[in-house]
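Peer 1: sequence plus predicted model, see below.
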Amino acid sequence: MHDWRAWWQHPEFKRGMREMAAVSPGLAAWGLMTGVAMVNSGMSAFEAVAMSLLVFAGSSQLASMPLIAAGAPAWVILATAFCVNLRFVVFSAHLRGYLMELPLRWRLFNGYLTADMSYVMFTQRFPQPATDQEGRINELAYLNGGSLFNWASWQTMSLLGIALAHSIPTHWGLGFAGILALIGVGCSLATSPLRRVSAGVAAMAAVAAFALPYKLNIVTAIAAAVALCLVLEQLKAPPAALPGEQP
């Protein structure tokens, strides 16, 4: 199902948009703050618009902007953005079961549009991939409805922030609104004990390594959380059967 005219009228497409609209105010504030921050970090309006449209990843944008402003080496900027966006590798691996039958161009399109909240809401709505054509159409309609609404609201507010960067007073507290939005997204993703433990370890590591230059405490926090999860997964794994034993 790749007909946009049919999508616009599909009940699941409308439901995805409606449910995303309920959580969009916090994300919109985050987008506005990101637009303002890009210009205030020294980027030109053209560069900020290009980053907003091409990158479309608020957390990595916010993490890389201070590094760009400070003249950090390119490898540090790229490594930081890569580590911050590692969660999308997990998202895409999980979504493979839902989208694997689509043509490559549609998988890439959905990969670009998918963000934290659209992924969370989609997997809550459809915990398991459908096994029939009608179910797959419902999944794709809902995913694109939520993702497109999220993209449009984010880009609108981000571009507005770029345009009004020098006019928005700092006492509006947009940075705090963005932090609240990130906390909400993080809490939505912490759905298992392992995820909650890894989030706590990442937070403690980020605070402990706060003095590192170029925001490398973010990379340290991610590395600590990933290492802990790998160790815990190994401890949880059943012991390998010895030769001749029944598994």
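Peer 2: Received, thanks. Everything numeric here is computed off the predicted structure, so don't read it as measured data. Numbering: from 1, shown residues only.

Peer 1: from Asn110, how far off is Leu140?
Peer 2: Between Leu140 and Asn110 the distance is 8 Å, computed by CB to CB, to the nearest Å. Every residue, glycine included, has its C-beta placed from N, CA and C.

Peer 1: and those two? Which one has more around it.
Peer 2: Comparing Leu140 with Asn110 by other CB atoms under 10 Å, the one with more neighbours is Leu140, at 26 against 19.

Peer 1: so which strand or helix has the more buried one?
Peer 2: Secondary structure from DSSP states H and E places Leu140 in helix 133-163.

Peer 1: mind listing what's buried along that helix?
Peer 2: Going by neighbour count (16 or more other CB atoms under 10 Å), the buried part of helix 133-163 is 136-151, 153-155, 157-163.

Peer 1: I'd like the next helix or strand past the lowest-mean-pLDDT helix or strand in the chain.
Peer 2: Counting by mean pLDDT, DSSP states H and E, the chain has its least confident helix or strand at helix 174-189, which shows a mean of 62. Where DSSP H and E defines the elements, the next helix or strand beyond helix 174-189 is helix 193-208.

Peer 1: immediately after that following helix, which helix or strand?
Peer 2: Next in sequence after helix 193-208, counting helices and strands by DSSP H and E, comes helix 216-236.

Peer 1: what's the angle from that next one to helix 193-208?
Peer 2: Angle between the axes of helix 216-236 and helix 193-208 is 150 degrees (criterion: axes from the mean of the first three to the mean of the last three CA atoms, to 10 degrees).

Peer 1: CA atoms of helix 216-236 as CSV?
Peer 2: In CSV, the C-alpha atoms belonging to helix 216-236 read as follows (Å, rounded to 0.1, in the frame of the first residue of the first chain):
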residue,chain,number,x,y,z
LEU,A,216,32.7,13.3,25.8
ASN,A,217,30.7,12.5,29.0
ILE,A,218,27.9,11.6,26.7
VAL,A,219,30.0,9.0,24.8
THR,A,220,31.2,7.7,28.2
ALA,A,221,27.7,7.3,29.5
ILE,A,222,26.6,5.4,26.4
ALA,A,223,29.6,3.1,26.5
ALA,A,224,29.1,2.4,30.2
ALA,A,225,25.4,1.5,29.6
VAL,A,226,26.1,-0.7,26.6
ALA,A,227,28.9,-2.5,28.4
LEU,A,228,26.7,-3.2,31.4
CYS,A,229,23.8,-4.5,29.2
LEU,A,230,26.2,-6.8,27.3
VAL,A,231,27.5,-8.2,30.6
LEU,A,232,24.0,-8.7,32.1
GLU,A,233,22.7,-10.3,28.9
GLN,A,234,25.6,-12.8,29.1
LEU,A,235,24.8,-13.6,32.7
LYS,A,236,21.1,-14.1,31.8
